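Asks: what shape does this take:
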Amino acid sequence: QGQLVESGGGLVQAGGSLRLSCAASGRDFSTYAMGWFRQAPGKEQEFVAAINWIGGNKYYADSVKGRFTISRDDAMSVYLQMNSLKAEDTAVYYCLADVELARLRRGVSDYRGQGTQVTVSS
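Replies: Next comes the predicted model:
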């Protein structure tokens, strides 16, 4: 049974940076697309970024392009480097993994972590 565990969230001032990590375990995720969604209080979940299993193709929401960078190393970990953070980036960030990148980008996934809180103070 696979599992995703996020870490790296916290409180940061606007303009600051955070790096989220997602550690995958329990099965081979090397052929899975992985990505990040977020959900702010009272709002729908929102796609943030995704990366295919090879790691060559990356996708970003318009709201984070140029500020956030998704990466993966040994296919069992995925990261989200978040720079120039804004108050509107405040949300719980979830790590997702799925065999289909297109499905993951819609927020449907075989695996989802428990989330990590990111709070940006203005």
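Asks: quick test: name the residue nearest the centre of the chain.
Replies: Centroid check for the chain by Cα atoms, centre = their mean gives residue 36 as the closest residue, at 2.3 Å.
Asks: my guess is it contacts residue 48, does it?
Replies: Yes: counting by Cβ atoms under 8 Å, residue 36 touches residue 48, with 4.2 Å between them. For the C-beta atoms, the positions are set from N, CA and C on the backbone; glycine is no exception.
Asks: what residues do the two have in common as contacts?
Replies: Common contact partners of residue 36 and residue 48 (Cβ atoms under 8 Å, 6 or more residues apart in numbering): 80, 93.
Asks: show me how far the helix or strand containing residue 118 is from its chain's centre.
Replies: Assigned by DSSP states H and E, residue 118 falls within strand 116-121. The chain centre lies 13 Å from the centre of strand 116-121; the measure is Cα atoms, centre = their mean, to the nearest Å.
Asks: cool, stretch 43-60 as well?
Replies: Worked out by Cα atoms, centre = their mean, stretch 43-60 lies 7 Å from the chain centre.
Asks: for that stretch, measure first residue to last.
Replies: 19 Å (Cα to Cα, to the nearest Å).
Asks: which residues are contacting it?
Replies: So stretch 43-60 is contacted by 30-40, 61, 63-64, 68-72, 75, 78, 80, 91, 93-94, 101, 104-107 (Cβ under 8 Å, 6+ apart).
Asks: in it, what counts as buried?
Replies: Residues 47-53, 59-60 are the ones in stretch 43-60 that count as buried (16 or more other Cβ atoms under 10 Å).
Asks: same thing with stretch 97-106?
Replies: 97-98, 101, 104-105.
Asks: what are the C-alpha coordinates of it, in CSV please?
Replies: C-alpha atoms of stretch 97-106 as CSV (Å, rounded to 0.1, in the frame of the first residue of the first chain):
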residue,chain,number,x,y,z
ALA,A,97,0.4,10.5,-7.3
ASP,A,98,-1.3,8.8,-10.2
VAL,A,99,-0.5,6.7,-13.2
GLU,A,100,-2.2,9.2,-15.4
LEU,A,101,-0.9,12.7,-15.5
ALA,A,102,-4.1,14.1,-17.1
ARG,A,103,-6.2,12.6,-14.3
LEU,A,104,-3.8,13.9,-11.6
ARG,A,105,-4.0,17.4,-13.1
ARG,A,106,-7.8,17.2,-12.6
